[in-house]
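> mind folding the following:
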Amino acid sequence: MIGAAGFIGPHVVAALERRGVEVVAAGRSGSGPHGEALDRDDPAAVVRLVRARRIEVVIDMLALTTVGTAPLIDALEGRVGRYVLASSADVYRNYEGLHRRAHPEPITTPVDETSALRRSRHPYRRRPRRAKDAPDAWLDDYDKIPIETAARERFGAGATILRLPMIFGPKDRQRRFRWILGPMLAGGARLRVDPAWAGWRTTYGYVDDVGDALATAAIHPEAGGRTFNVGEAEPPDHRAWIQRFAAALGWKGEVEESPAPADSPIAGLDLRYPLILDSHAFRRTLDWREPTPPAQALLRTAEDERARG
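All right, here's what the predicted structure looks like:
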């Protein structure tokens with residue numbers, strides 16, 4: 001497992017261990033009970049570890065740029081039985097419309113694995129580009145689409161690609177539901193929300209469940225050579241998410257819908273473009289269901305938000 005120390009990684013490791021799988025958690029520090037010190041940017045070192053530990057499957061959580069991933073894919077070709085790529089819902093066409101990078105016809109129904117992908121590349125590239133020494137400079141070259149293509153070309157039936165949703169839960173750096181939980185946990189009587197944002201639909205996934213999905217894909221015999229969407233079976237809009245958290249926390253306040261300020265990040269999005277993933281192929285093919293009770297996922301997320309202040 002490459003990227004075992006991140007937000008999702010520990011949940012993947014735990015899910016594999018529950019299944020009796022021996023896991024090697026590779027990272028720069030090599031910390032943890034199953035840790036191995038490894039520089040992902042050194043493909044020869046990765047190959048040596050694969051040989052020494054007789055690794056059959058590589059799960060790559062850090063495939064972010066072609067420059068950083070193509071040498072690793074080339075080195076692993078023919079040396080592992082399966083390469084599992086953590087991809088993203090941002091490959092789909094609606095994503096470039098949502099972020100105003102292009103203006104395609106919106107797809108208003110859930111997208112499946114055959115739906116149209118972005119035509120534009122590098123969805124987070126700035127103009128001018130970030131300074132080379134900036135900590136987020138890699139975002140200028142981020143793009144999952146060419147990495148998916150390279151994985152399929154190199155590994156064929158040994159490539160498994162999971163297009164992940166927006167992931168929430170404890171330690172979520174983006175604090176995706178802070179806008180809901182902040183007023184509720186503070187005991188506020190009112191939660192203000194932009195009406196377009198309230199009605200917008202996207203697919204979320206609780207971090208434990210996404211970790212379990214990755215673990216399932218890594219070892220299931222039917223997952224080889226497949227690309228799958230992962231996420232809730234029936235994604236609701238944000239109004240429903242507000243209601244879910246209110247019910248879980250016993251919040252009795254009022255929701256007020258009013259337009260977001262012009263300088264709000266929401267104003268930079270074109271919310272005519274939903275980002276709804278159809279995950280039924282993954283569920284049906286791998287006989288998978290979320291292991292975490294929904295109320296538990298909500299409460300754990302709320303407790304984490306409360307602890308952060």
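
> the helices in the stretch 151-300 of the chain, which residues?
178-185, 195-198, 207-219, 238-249, 280-286, 294-308 (DSSP state H, counting those that start in this stretch).

> identify each buried residue in the shortest one, please.
In this case it means helix 195-198. Ala196, Trp197, Ala198 (16 or more other C-beta atoms under 10 Å). Every residue, glycine included, has its C-beta placed from N, CA and C.

> kindly report the same for the last one.
By neighbour count on 16+ other C-beta under 10 Å, the buried set for helix 294-308 is Ala297, Leu298, Arg300, Thr301, Ala302, Asp304, Glu305.

> name the helices or strands packed onto that helix?
Contact partners of helix 294-308 among helices and strands, from 3 or more C-beta pairs under 8 Å, 6 or more residues apart in numbering; DSSP states H and E: helix 178-185, helix 238-249.

> and the contacts of it?
The contact list for helix 294-308, computed with C-beta atoms under 8 Å, 6 or more residues apart in numbering, reads 168-172, 175, 177-178, 181-182, 184-185, 206, 208-209, 244-245, 248-249.

> now those residues: which count as buried?
168-170, 172, 177, 181, 184-185, 206, 208-209, 244-245, 248-249.

> quick revisit: in CSV, list the helices and strands packed on helix 294-308 along with mean pLDDT and distance to Glu56.
Shown next, in CSV, are the helices and strands packed on helix 294-308 (pLDDT from 0 to 100; distance: least, C-beta to C-beta, whole Å):
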stretch, mean pLDDT, distance to Glu56
helix 178-185, 97, 40
helix 238-249, 98, 39
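
> who does the lowest-mean-pLDDT helix or strand in the chain pair up with?
Across the helices and strands of the chain, mean confidence by mean pLDDT, DSSP states H and E is lowest for strand 35-37: a mean of 83. Strand 35-37 sits in its sheet next to strand 25-27 (parallel), going by DSSP bridges.

> what are the contacting residues of the strand it pairs with?
1-5, 9, 13, 32, 34-38, 40, 46, 49.

> for the record, mean pLDDT for that strand?
Over the span of strand 25-27, the pLDDT mean works out to 87.

> quick one on the thing from earlier: closest to Thr66 out of the contacts of strand 25-27?
Arg40 (14.2 Å; C-beta to C-beta).

> which residues touch the closest one?
Counting by C-beta under 8 Å, 6+ apart, Arg40 makes contact with Ile2, Ala26, Val46, Leu62, Gly68, Leu72.

> looks to me like it is in a helix.
No - counting by DSSP: H, G, I helix; E, B strand; the rest coil, Arg40 is not found in a helix; it is coil.

> mind checking how far it is from Ile2?
6 Å (C-beta to C-beta, to the nearest Å).

> repeat for Arg18
Counting by C-beta to C-beta, the gap from Arg18 to Ile2 is 20 Å.

> with neighbour numbers in mind, choose between those two.
Neighbour totals were compared for Arg18 and Ile2, and Ile2 leads with 21 against 11 (other C-beta atoms under 10 Å).

> thank you kindly, that will do.
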